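*Asks:* What follows is a predicted protein model with its sequence.
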Amino acid sequence: MSELEHAIIALEKKNWRYQGRKEQAILNMGLSPIAYYQKLNSMIDDPRIIARYPVETDAWRARRESNM
């Protein structure tokens, strides 16, 4: 996994009290929120990520599907 993928996983594992703080953390990574969520969506369908984080990717996919 790349450094960026590790950083995104770590960010997603945090419980954010305020949405603005998460958005600021995303910007601090050098990504726009749109680019961040595009990368996250591709990651949660990636077999490498699923194998390493099965519980988390299941939860993230369920959250994605409930938002559609």
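*Replies:* Looks like it arrived, so ask away. Residues are numbered from 1 along each chain as shown.

*Asks:* what's the offset of the helix or strand hosting Ala51 from the middle of its chain?
*Replies:* Assessed by DSSP states H and E, Ala51 sits inside helix 47-52. Centroid separation between helix 47-52 and its chain, computed with Cα atoms, centre = their mean, to the nearest Å, is 13 Å.

*Asks:* and it, average pLDDT?
*Replies:* Throughout helix 47-52, pLDDT has a mean value of 96.

*Asks:* would you put the C-alpha positions of the helix or strand that comes right after it in PDB?
*Replies:* Going down the chain from helix 47-52, the next helix or strand is helix 54-66, by DSSP H and E. What follows is helix 54-66, C-alpha atoms only, in PDB (Å, rounded to 0.1, in the frame of the first residue of the first chain):
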ATOM      1  CA  PRO A  54     -12.000  -6.500   5.700                       C
ATOM      2  CA  VAL A  55     -14.200  -5.200   8.500                       C
ATOM      3  CA  GLU A  56     -13.500  -1.500   7.700                       C
ATOM      4  CA  THR A  57     -14.000  -1.900   4.000                       C
ATOM      5  CA  ASP A  58     -17.300  -3.700   4.500                       C
ATOM      6  CA  ALA A  59     -18.400  -0.800   6.700                       C
ATOM      7  CA  TRP A  60     -17.200   1.800   4.300                       C
ATOM      8  CA  ARG A  61     -19.000   0.100   1.300                       C
ATOM      9  CA  ALA A  62     -22.200  -0.100   3.400                       C
ATOM     10  CA  ARG A  63     -22.000   3.600   4.200                       C
ATOM     11  CA  ARG A  64     -21.300   4.400   0.500                       C
ATOM     12  CA  GLU A  65     -24.300   2.300  -0.600                       C
ATOM     13  CA  SER A  66     -26.600   3.900   2.000                       C
END
